[in-house]
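Asker: curious how this folds, go ahead:
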Amino acid sequence: MTGAQTPLPCWVDIVLIPLANVTLAFLVAGLIVLAIGENPLLAIRVMIAGALGDSEGVGYTLYYATNFIFTGLAVALAFHAGLFNIGGEGQAYIGGLGIGLVLLAGGRYLSFSVLLPLAVLAGAGFGAAWALVPAYLQAYRGSHIVITTIMFNFLAAALMVYLMVNVLIAPGSMSPESREFGPAAHLPFIHDVLASIGIKLTGTPLNLSLVLAIALCVFVWLLLWHTPLGFELRTVGHSETAAVYAGVRPRRIIIIAMCLSGAMAGFVGLNEIMGVHHRLLLNFTAGYGFTGIAVALMGRNHPFGIILASILFGILSQGGTELAFTIPTLTRDMIVVIQGLVILFSGALSQLSRPWFEWLFSLLQRQAPAVRGA
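Answerer: This is a model prediction of the structure:
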């Protein structure tokens, strides 16, 4: 079985193999749940019902998935250029800072139609700027992108703590957060938008940043596989030597890829700062930048796969909350274990199930001529 070399269709690599990996992860998680004395089938049923059982659960699931799409796309785009961007957390943090500064400055004076494009530009610009320095160090100084982006995560966290505690904190507040933005600086919630056309849904944090996330998926797909820049980017990722031979400048591609990656991570602030909290505050990124690495790996660095992986992690986030409430013995730590297993099987063991599919498709190809002959 392991000797089969049958090339697999793209849809198998993007959909079936990740699905098999997730199934294996849940089987192992089920054994752990069983070992602590709970029914794994009941746990799965509670998790699915909490995440997808009603409009409220779906809204929260898609709200979490929106952030995972942003950070997953950020990791995937850089990965196609041969860069492992670990700095999505810091880039999302600084992107949110840029959005917050724009909304604090103009939220009381400008209209929503002006603030929205300014916030989008600020999130993308600040996120890209935070990724530019590691990109420059990789391209022109040989510093490894993994090390520098990890360091920049800590720098972003320290910078935000200083600004929120000493500069941007609301007057008289004991909590490190800014004053609330003006009403014009609030991104509309999906349930409010649908209510305006007569569709009633339970209120959730899901907002119009989901539309931007889907649009970015289309943009990344077009960029990577349907533009000359995308071809150059993927060529550098496959072989820098071949790229140079073809006339591509790898340093330029590294800078562009990392800046685009940082810009996409910066849009997390659009969902959290402009869409939900309506103020600047600490720790609004909540680990989305790190989870985006697992989302990109599981989604095979393809926009469609990233959407599916983001929804899965959204289900784990929302369903895990419901699970911890319904079955107290299965705490939030257990949900972290399940997420860790999904990451393990989607990352380190991502190729575990590939030989099985290669064997299956090889068998089907050998049987096809006999069937046609009959």
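
Asker: residue ranges with poor pLDDT in the chain?
Answerer: 1-6, 11, 14, 347-350, 368-374 (pLDDT under 70).

Asker: look through it and tell me its longest helix.
Answerer: If you go by DSSP state H, the chain has its longest helix at helix 112-141.

Asker: which strands and helices sit next to that one?
Answerer: When contacts are defined as 3 or more Cβ pairs under 8 Å, 6 or more residues apart in numbering; DSSP states H and E, helix 112-141 sits against helix 88-106, helix 145-166, helix 250-266. Where you see a C-beta, it was placed from the backbone N, CA and C, and this is true even at glycine.

Asker: Leu115 - how many residues pack around it?
Answerer: 25 (other Cβ atoms under 10 Å).

Asker: with Val12 instead?
Answerer: By other Cβ under 10 Å, 18 other residues sit near Val12.

Asker: next one: the residue nearest to it when sequence neighbours are not counted from Val22, what distance?
Answerer: Of all residues not flanking Val12 in the chain, Phe357 sits nearest, at 5.8 Å (Cβ to Cβ, 6 or more residues apart in numbering). Separation of Phe357 from Val22 (Cβ to Cβ, to the nearest Å): 15 Å.

Asker: list phi and psi for Phe189.
Answerer: When read as degrees, to the nearest 10, the backbone of Phe189 gives phi -80, psi 150.

Asker: scratch that, Glu177
Answerer: Dihedral angles (degrees, to the nearest 10) for Glu177: phi -150, psi 160.

Asker: excluding sequence neighbours, find me the nearest residue to it.
Answerer: Closest residue to Glu177 apart from its sequence neighbours, by Cβ to Cβ, 6+ apart: Leu281 at 3.8 Å.

Asker: touching, Gly88 and Ala296? I think so.
Answerer: No: counting by Cβ atoms under 8 Å, Gly88 sits too far from Ala296 to count as a contact (9.3 Å).

Asker: more crowded one of the two?
Answerer: The neighbour comparison of Gly88 against Ala296 (other Cβ under 10 Å) goes to Gly88, with 34 against 31.

Asker: and the spatially closest residue to Gly237 that is not a sequence neighbour, how many neighbours?
Answerer: Take Gly237 and drop its neighbours on the chain: the residue closest to it by Cβ to Cβ, 6+ apart is Gly82, 3.9 Å away. Gly82 has 20 neighbours, counted by other Cβ under 10 Å.

Asker: next one: Ser173 from Val58, what distance?
Answerer: Distance, Ser173 to Val58, by Cβ to Cβ: 34 Å.

Asker: neighbours around Ala242, how many?
Answerer: Neighbour count of Ala242, defined by other Cβ under 10 Å: 11.

Asker: what's stretch 333-348 in contact with?
Answerer: 18, 21-22, 24-26, 28-29, 32-33, 291, 294, 297-298, 309, 312-313, 316-317, 320, 323-324, 352 (Cβ atoms under 8 Å, 6 or more residues apart in numbering).

Asker: one more: stretch 228-243?
Answerer: Residues from elsewhere that reach stretch 228-243 (Cβ under 8 Å, 6+ apart): 77, 79-83, 222-224, 246, 248, 250, 253-254, 256-257.

Asker: are any of those buried, and which?
Answerer: Buried subset of the contacts of stretch 228-243 (neighbour count, 16 or more other Cβ atoms under 10 Å): 77, 79-83, 223-224, 248, 250, 253-254, 256-257.

Asker: name the nearest of these relative to Leu210.
Answerer: Closest to Leu210 out of these is Leu77 (19.3 Å), distances taken as Cβ to Cβ.

Asker: looks to me like that closest one is in a helix.
Answerer: Yes: assessed with DSSP: H, G, I helix; E, B strand; the rest coil, Leu77 lies in a helix.

Asker: I'd say it and Ala257 touch.
Answerer: Yes: the criterion here is Cβ under 8 Å, and Leu77 meets it with Ala257 at 6.2 Å.

Asker: neighbours of Ile199, how many?
Answerer: Other residues near Ile199 number 11, with proximity taken as other Cβ under 10 Å.

Asker: and if you look at Gly247?
Answerer: As a burial measure, Gly247 scores 7 neighbours (other Cβ under 10 Å).

Asker: what secondary structure does it sit in?
Answerer: Put simply, Gly247 is coil when judged by three-state DSSP.

Asker: residue contacts, Phe112?
Answerer: Shown in contact with Phe112 (Cβ under 8 Å, 6+ apart): Ala184, Ala185, His186.

Asker: could you redo the last one with a cut-off of 7 Å?
Answerer: By Cβ atoms under 7 Å, 6 or more residues apart in numbering, the contact set of Phe112 is Ala184.

Asker: now do Ile306
Answerer: By Cβ under 7 Å, 6+ apart, the contact set of Ile306 is Ile69, Gly72, Leu73, Ala76, Cys217, Val295, Ala296, Gly299.

Asker: with Pro176 instead?
Answerer: Met164, Val165, Ile169, Leu281, Leu282 are the contacts of Pro176 under Cβ under 7 Å, 6+ apart.

Asker: and of these, the nearest to Leu97?
Answerer: Within the contacts of Pro176, proximity to Leu97 (Cβ to Cβ) peaks at Met164, which comes in at 9.4 Å.

Asker: ok, and the closest non-adjacent residue to that closest one?
Answerer: That would be Pro176: by Cβ to Cβ, 6+ apart, it lies 4.1 Å from Met164.
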